[in-house]
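Chemist: got a sequence here, can you build the structure:
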Amino acid sequence: MDLYEKTVNKNYVYKGKIIKVRRDDAMLPNGNTAVREVVEHTGGVAILATDNDCVYMVEQFRYPFEEVILELPAGKLNENENPKECAARELKEETGLTCATLKYIGCFYPSPGYALESLHIYVAEGLSKGKSKLDPDEFLNVKKIKLSEIRKLIETNVIKDAKTVIALLYYFNYLCKE
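Modeler: Numbering: from 1, shown residues only. Sure, this is the predicted structure:
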């Protein structure tokens, strides 16, 4: 069975600083039409910065949920920016850290039902400390947490951020076994 849908019309209803929102008309495989709502985002990166048996995390207030979230350093890709360069930039901006190596883990789609967003995950090793350079509207705390504690934070739902959980579980299940 053919599953592909064809975009008939793209209708932008909002263009903001971070996202664009469309309400598209789509042709379905059976010939009928349907409305598809799409949130466009340039994508982002998350960085799992490891130092011996620890990982660097950030605490940041996330407005939509009105709570402080514990997550990996991460950031939005600029238009046409290389994800690896973005990862190095965001690691430095948020934590002050630079790294000798950035290993690509992979890419995932956080919400493929409505969002056009890809997140790239990297592992940063060979860390050197420096000074962070946060954006003017960015406030966060950097935490260095033992990997043995991280497992408990995932199991007890303290870490709720999807990109962070995906990166850490991948690290525990595949990279720690190498």
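Chemist: use CA for all of it now, contacts and neighbours both
Modeler: Fine.
Chemist: please tell me how far the spatially most distant residue from the centre of the chain sits from Glu5.
Modeler: Distance to the chain centre peaks in the chain at Gly31, reaching 35.8 Å (criterion: Cα atoms, centre = their mean). Gly31 is 9 Å from Glu5, where distance means Cα to Cα, to the nearest Å.
Chemist: circling back: tell me how far the residue farthest from the centre of the chain lies from Arg22.
Modeler: When distance is defined by Cα to Cα, Gly31 is 21 Å away from Arg22.
Chemist: before we move on, what about Ile159?
Modeler: In this structure, Ile159 lies at 31 Å from Arg22, with Cα to Cα as the measure.
Chemist: pLDDT on stretch 137-150, on average?
Modeler: pLDDT averaged over stretch 137-150 equals 94, rounded to a whole number.
Chemist: need the residues that contact that stretch.
Modeler: Surrounding stretch 137-150, the residues in contact under the criterion Cα atoms under 8 Å, 6 or more residues apart in numbering are 53-61, 94-95.
Chemist: tell me which two in these are the farthest apart.
Modeler: Distances among the contacts of stretch 137-150 were taken as Cα to Cα; the most separated pair is Asp53 and Phe61, at 26.3 Å.
Chemist: out of these two, which sits in the more crowded spot?
Modeler: The residue with more neighbours, out of Asp53 and Phe61 and counting by other Cα atoms under 10 Å, is Phe61; that gives 16 against 10.
Chemist: which parts of the protein are helices?
Modeler: 83-95, 147-155, 162-173 (DSSP state H).
Chemist: so which of those helices is the most packed in?
Modeler: Per-stretch averages of neighbours, counted by mean count of other Cα atoms under 10 Å, single out helix 83-95 among these, with a mean of 21.
Chemist: for that helix, packing partners?
Modeler: strand 44-51, strand 74-76, strand 98-108, strand 119-128, strand 140-146 (3 or more Cα pairs under 8 Å, 6 or more residues apart in numbering; DSSP states H and E).
Chemist: and that helix, C-alpha only, in PDB?
Modeler: Listed in PDB are the C-alpha atoms of helix 83-95, where the atom choice follows Å, rounded to 0.1, in the frame of the first residue of the first chain:
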ATOM      1  CA  PRO A  83      25.100  20.300  13.400                       C
ATOM      2  CA  LYS A  84      28.600  19.400  14.600                       C
ATOM      3  CA  GLU A  85      29.600  23.000  14.600                       C
ATOM      4  CA  CYS A  86      26.400  23.900  16.400                       C
ATOM      5  CA  ALA A  87      27.100  21.200  19.000                       C
ATOM      6  CA  ALA A  88      30.600  22.700  19.700                       C
ATOM      7  CA  ARG A  89      29.100  26.200  19.900                       C
ATOM      8  CA  GLU A  90      26.300  25.300  22.200                       C
ATOM      9  CA  LEU A  91      28.600  23.300  24.500                       C
ATOM     10  CA  LYS A  92      30.800  26.300  24.900                       C
ATOM     11  CA  GLU A  93      28.000  28.800  25.200                       C
ATOM     12  CA  GLU A  94      26.000  26.900  27.900                       C
ATOM     13  CA  THR A  95      28.800  25.200  29.900                       C
END
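Chemist: understood, closing this out.
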